[in-house]
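K.L.:
Build me a structure from this.
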Amino acid sequence: MEQTDLRAPTLAAAVRPVTPQQRAAKAARNGGKPTLEFAERVPYDTYVRASTLHRLQQPLSDDPGEMSFLMVSQIMELYFGLTCHELREAQRCLRADRVWDALAPLRRAALHLEGLNAAWKGLRWMTPADFNRFRNLLGEGSGFQSAMYRHLEFLLGLRDAALVRPFRRQTEVYGELRAALAAPSLWDDVLALLARCGFDLPAEVLDRDVAEEHQPHPAVAAAWVTVYADGGGPDNHLRLLGEALTEVAEQFGDWRWNHLKAVQRSMGAKVGSGGSAGLAWLQRSMARVVFPELWSARTAM
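P.N.:
Numbering: from 1, shown residues only. So this is what the prediction gives:
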């Protein structure tokens, strides 16, 4: 197969900014019609890299359905990365006590997760017979091995050091995952914020090893009960934060449920391609709750 060079020119050298006045002048010259002639590469392609994106699909079979499976998987990878980007921005805001500013990236993250959930609809056609036509060609390839999904889990506070091991021979990816595991999760930053706001959280919550998964604590749940008891006005930024985080957690939970249903639809309870118990493994993993005290506190509200 001929190898395609996917490298693209740097954006700084290729994308040329224009002013509102220049746009207006171009529209006047065009008589209101779109520009059809460019001296170089089409600007949209230069920015979006669309021609590069559409060369990244390399199916392993001649089955027409495999393209759907492959492209939906790639779309989900992009959404994983985008959601991680938003959650890291929210972390930066919370560490600077800018709670109001953290709301926008959290709301965007929830919408990106909503997009992730919608992506599953593109695979609802796939029965076991459809999947079996190309499944064996995937070898041991499995969504379980998505490094970006691990980043997303780590950011949301789902921590398991063993899940980094598959990437040991991919030095850069492994190093990034180890660093993510050693850094505070978004929930850790929320807990630190609550402590700075005067809530009495114990050292076992605030000073624990962040590489270990947070265990629900009644003091954290009590803090959220107090936050929500203060009313729902616009000045209660912590309550707004709680609701934004709840939406993120709910959308992520929906994604995990949709994943389980997609597996059940396409392969039943067969052994997973990556060596796991497949459906049973996914069912067990769903028991780990994101932002647990935001849910448990609701019983006492």
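K.L.:
Contacts only, for residue 226.
P.N.:
Residues counted as contacts of residue 226 (Cβ atoms under 8 Å, 6 or more residues apart in numbering) are residue 199. Bear in mind the C-beta positions are built from the backbone N, C-alpha and C, glycine included.
K.L.:
confidence score at it?
P.N.:
Residue 226 is assigned 96 on the pLDDT scale.
K.L.:
Likewise for residue 272?
P.N.:
Per-residue pLDDT puts residue 272 at 60.
K.L.:
All further residue positions should be reported with the first residue as 20.
P.N.:
In the new count, where the first residue is 20, that last one comes out as residue 291.
K.L.:
Report the central residue of this protein.
P.N.:
Residue closest to the mean C-alpha point of the chain, counted by Cα atoms, centre = their mean, is residue 99 at 3.0 Å.
K.L.:
Quickly find the element holding residue 227.
P.N.:
Residue 227 is part of no helix or strand, with elements assigned from DSSP states H and E.
K.L.:
Test my guess that it contacts residue 220.
P.N.:
No - if you go by Cβ atoms under 8 Å, residue 227 and residue 220 don't touch, sitting 11.0 Å apart.
K.L.:
measure the residue nearest to the centre of the chain to residue 124 for me?
P.N.:
From residue 99 across to residue 124, the span is 15 Å (Cβ to Cβ, to the nearest Å).
K.L.:
And for residue 319?
P.N.:
As judged by Cβ to Cβ, residue 319 and residue 124 stand 29 Å apart.
K.L.:
so who does residue 244 touch?
P.N.:
By Cβ under 8 Å, 6+ apart, the contact list for residue 244 reads 316, 319-320.
K.L.:
now that we have these, which one has the most neighbours?
P.N.:
The most crowded member of the contacts of residue 244, judged by other Cβ atoms under 10 Å, is residue 316 (20 neighbours).
K.L.:
For the closest residue to that residue other than its chain neighbours, what is the enclosing helix or strand?
P.N.:
Sequence neighbours aside, residue 243 is the residue nearest to residue 316 in space, at 3.9 Å (criterion: Cβ to Cβ, 6 or more residues apart in numbering). In this assignment (DSSP H and E), residue 243 forms part of helix 237-248.
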